[in-house]
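S.K.: all I have is the shape, not the residue letters:
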């Protein structure tokens with residue numbers, strides 16, 4: 001490598017890292033407070049029901065989805081470069097991490113949070129390195145049909161995993177388990193759970209067609225309708241999410257003693273992250 005190439009590489013790396021400076025976003029924060037507050041409330045109202053659902057789907061509980069949405073909004077708001085970007089948990093990422101979470105249980109049956117958070121931290125480092133190497137430009141050569149098929153596949157996986165809870169049964173740990181469980185669940189479905197699920201589903205589906213003014217987001221209205229039916233219908237066999245822990249979540253310091261076990265998953269998460277963002 002020539003001296004000029006080396007200097008250019010160092011300059012690009014420095015320029016990339018300098019973009020993480022949050023000062024620019026902080027100093028312009030006061031310029032549009034009313035609109036920003038309205039936008040923030042709107043996004044929070046839309047994102048929170050989805051975040052809670054993604055938390056449950058991940059296997060870590062609704063509080064995990066809530067904190068993912070909160071931390072994503074704060075960190076991306078400070079360090080992000082887009083004025084209209086919204087960050088938080090997504091379906092593809094939840095499905096990827098759900099597999100890792102299900103496979104890394106402690107002897108007590110609880111998720112191995114140290115391993116999971118270490119792998120996520122490592123995937124973030126991989127994303128930074130790949131960005132410095134400008135690997136993202138190669139996404140240009142990926143056919144759109146590949147991305148479309150990938151996203152459709154993720155959607156099918158989410159649907160299959162959510163059919164048992166929709167019928168009143170526990171979420172299976174794998175897609176194969178969900179497929180095997182569906183015939184039994186259909187034959188022994190719990191009517192009350194199915195009524196609430198369908199009411200929520202059709203509310204979210206039909207509300208945008210009823211009114212063009214989205215003053216009340218469809219996911220929030222679906223949450224209100226489903227919860228109201230469960231609370232005031234007198235149904236006795238409905239399972240609830242239960243209370244969420246009070247206070248800040250636990251912080252875990254990365255532990256790379258099992259680096260070999262987590263590197264594959266870290267690359268998978270990093271690759272998925274790049275694919276989603278590009």
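M.R.: Thanks, I have the structure now. Since the model is a prediction, treat every value here as computed from it, not as a measurement.

S.K.: just the helices in the stretch 101-250 of the chain please.
M.R.: Per DSSP state H, counting those that start in this stretch, the stretch 101-250 of the chain carries helices over the ranges 113-132, 144-166, 175-187, 191-210, 218-232.

S.K.: any chance of these in JSON lines, with mean pLDDT, mean neighbour count and distance to residue 51 too?
M.R.: From N, CA and C alone the C-beta is placed, and that goes for glycine too. What follows is those, written out as JSON lines (pLDDT from 0 to 100; neighbours: other Cβ atoms under 10 Å; distance: least, Cβ to Cβ, whole Å):
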{"stretch": "helix 113-132", "mean pLDDT": "88", "mean neighbour count": "17", "distance to residue 51": "16"}
{"stretch": "helix 144-166", "mean pLDDT": "84", "mean neighbour count": "14", "distance to residue 51": "15"}
{"stretch": "helix 175-187", "mean pLDDT": "84", "mean neighbour count": "14", "distance to residue 51": "22"}
{"stretch": "helix 191-210", "mean pLDDT": "89", "mean neighbour count": "15", "distance to residue 51": "15"}
{"stretch": "helix 218-232", "mean pLDDT": "86", "mean neighbour count": "16", "distance to residue 51": "10"}
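
S.K.: can you tell which of the ones you listed is closest to residue 40?
M.R.: helix 218-232 (14.8 Å; Cβ to Cβ).

S.K.: so what does the closest one touch, helix or strand wise?
M.R.: Other helices and strands packing on helix 218-232, by 3 or more Cβ pairs under 8 Å, 6 or more residues apart in numbering; DSSP states H and E, are helix 33-58, helix 191-210.

S.K.: nearest to residue 250, out of these?
M.R.: helix 33-58 (15.1 Å).

S.K.: so for that closest one, what's the average pLDDT?
M.R.: Averaging pLDDT along helix 33-58 yields 79.
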